[in-house]
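[1] coordinates for the following, if possible.
(chains A, B, C and D)
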Protein chains: 2
Amino acid sequence: MNITEAKQKFIEQWGVLASQWGINRTMSQVHALLLIADKNLSTDDIMEQLSISRGNVNMNVRELMDWNLVRKVITPGDRKEYFAAEKDIWKVAMNIMEQRKKRELDPMVKLLDELSRVEGDKRNTEIKSFTDTVNNIKKFSVHADKIMSVMIKAEENWFWGSFIKIFK
Amino acid sequence: MNITEAKQKFIEQWGVLASQWGINRTMSQVHALLLIADKNLSTDDIMEQLSISRGNVNMNVRELMDWNLVRKVITPGDRKEYFAAEKDIWKVAMNIMEQRKKRELDPMVKLLDELSRVEGDKRNTEIKSFTDTVNNIKKFSVHADKIMSVMIKAEENWFWGSFIKIFK
DNA sequence: CTGAACTTTCAATAATTATTGAAAGTTCAG
DNA sequence: CTGAACTTTCAATAATTATTGAAAGTTCAG
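    Below is the predicted model of the structure:
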């Protein structure tokens, strides 16, 4: 397999993976392209390499910047904007985790809180069963939330280090 | 908020969450419905409560069984099949993790392995940069894979216990 | 200031994914 | 065996989501 094929395959697979995780496929292909690029790329470079329109590149690149996975690089004396991806995969994973936690886990915990205060007689089986389930999910979520907060702040080496210590 | 509203909200939110994770919304609404149901439900119950067709219920319930999140319950002397969800949320999370690991992480690691053996001169900057990135992702994935394997086999209490020890 | 070189927006449209519901298949009580 | 009571399949269609590309907006060298 040569380098061009290899890059192609990587981009393709990264797109497949992302689409299984509810992330726009093109967005993650742009991400993959930038991850393995050895230079910063312009909008035109991305358009050409992925065969997508200018508008599409613009939208997806902006969303990637929203996720803190890509940043704009401005070269003095050049009107074009270039883009570069965060290459430290640990940081990539932590940024994604941070965003998803904020956007999804936090609202979920908030709702579960409200739901656990449902009206009605606690001795009623239906209500008891419901609040039990809700409370269990809440407990789990709060735990997960805490672990994630620590991870996000942690250094990669420290994290794996402390992990490996207990898991063997 | 009364119990009916609360259940509704839970089902709705569970569906929203799932769709952000690339999971069919209806499938996770069925899951939510079964999670908070105090009885096992038949196909007709699910059809009625979520206002969806019989075929739809059938397909989604079968996929939930594929994920080991729901099981068929057969009551002697009744032709109808009933469905029940796994209610231990730790097990739910571990089953999902197990499936996703198997379906997504494992193939990814396999591809990364192949990609790191790309042809060409290792002193070429482009190739060096590519294999470096690929190897970093691989290292990360293998680590994550190991942790997940241990978690999947772990007991909930043991897991949080050992976690809490190091994370404070 | 001006206009060339860019970026951004967004309505129209294409592509993808989910849903229906009728038909076919299966099971089992009688 | 039979047929009623169920489950399953799948082609047609509906709903959702992504993409295009032209028009509007912005920036900055000269």
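[2] please make it C-alpha for all contacts and neighbour counts, starting now.
    Will do.
[3] phi first, then psi, for A:E155.
    phi -80, psi 150 (degrees, to the nearest 10).
[4] can you tell me how far it is from A:W90?
    9 Å (Cα to Cα, to the nearest Å).
[5] of the two, which one has the most company?
    The residue with more neighbours, out of A:E155 and A:W90, is A:W90; 17 against 13, by other Cα atoms under 10 Å in any protein chain shown.
[6] does the residue nearest to A:K39 when sequence neighbours are not counted belong to a helix, a strand or coil?
    Excluding the flanking residues, the one nearest A:K39 by Cα to Cα, 6 or more residues apart in numbering or on different chains is A:A84, at 7.9 Å. What DSSP: H, G, I helix; E, B strand; the rest coil gives for A:A84 is strand.
[7] in the sheet, who's paired with A:A84?
    Beta-bridge pairing of A:A84, defined through DSSP bridges, involves A:R71.
[8] give me the pLDDT for it.
    Reading off the confidence values, A:A84 has pLDDT 96.
[9] in chain A, which spans are helices?
    Under the criterion DSSP state H, chain A carries helices at the ranges A:3-20, A:25-36, A:43-50, A:54-66, A:89-100, A:106-115, A:125-153, A:156-166.
[10] can you tell me which of those is most buried?
    Greatest average neighbour count among these goes to helix A:25-36 (a mean of 22), per mean count of other Cα atoms under 10 Å in any protein chain shown.
[11] up against DNA strand D, what does chain A have?
    A:23-27, A:51-56, A:77, A:79 (Cα under 7 Å from any atom of the strand).
[12] how does it look with 10 Å?
    A:15, A:19, A:22-30, A:47, A:50-60, A:74, A:76-80 (Cα under 10 Å from any atom of the strand).
[13] ok, and which of those reach DNA strand C?
    A:19, A:22, A:24-25, A:53-60, A:74, A:78-80.
[14] now for these, which pair is the farthest apart?
    Spatial extent of these (Cα to Cα) is set by the pair A:G22 and A:D78 at 35.9 Å.
[15] residue contacts, the residue nearest the centre of chain A?
    Residue closest to the average C-alpha location in chain A (Cα atoms, centre = their mean): A:I96, at 2.5 Å. Counting by Cα atoms under 8 Å, 6 or more residues apart in numbering or on different chains, A:I96 touches A:W67.
[16] phi, psi of the residue sitting furthest away from the middle of chain A?
    When distances are taken from the C-alpha mean of chain A, A:R123 lies farthest, 42.1 Å away, according to Cα atoms, centre = their mean. Main-chain torsions, A:R123, degrees, to the nearest 10: phi -90, psi -10.
[17] quick check: the gap between it and A:T131.
    11 Å.
[18] test my guess that A:F159 contacts A:M151.
    Yes: A:F159 lies in contact with A:M151 (Cα atoms under 8 Å); the separation is 7.0 Å.
[19] what angle separates the lowest-mean-pLDDT helix or strand in chain A from helix B:125-153?
    One helix or strand of chain A scores below all others by mean pLDDT, DSSP states H and E: helix A:156-166, with a mean of 79. Inter-element angle recorded for helix A:156-166 and helix B:125-153: 40 degrees (by axes from the mean of the first three to the mean of the last three Cα atoms, to 10 degrees).
[20] for helix A:156-166, what is the distance to the chain centroid?
    With Cα atoms, centre = their mean, to the nearest Å as the basis, helix A:156-166 stands 22 Å off its chain's centre.
[21] now do stretch A:48-58
    22 Å.
[22] if you average pLDDT over that stretch, what comes out?
    For stretch A:48-58, the mean pLDDT works out to 97.
[23] quote the end-to-end distance of it.
    13 Å.
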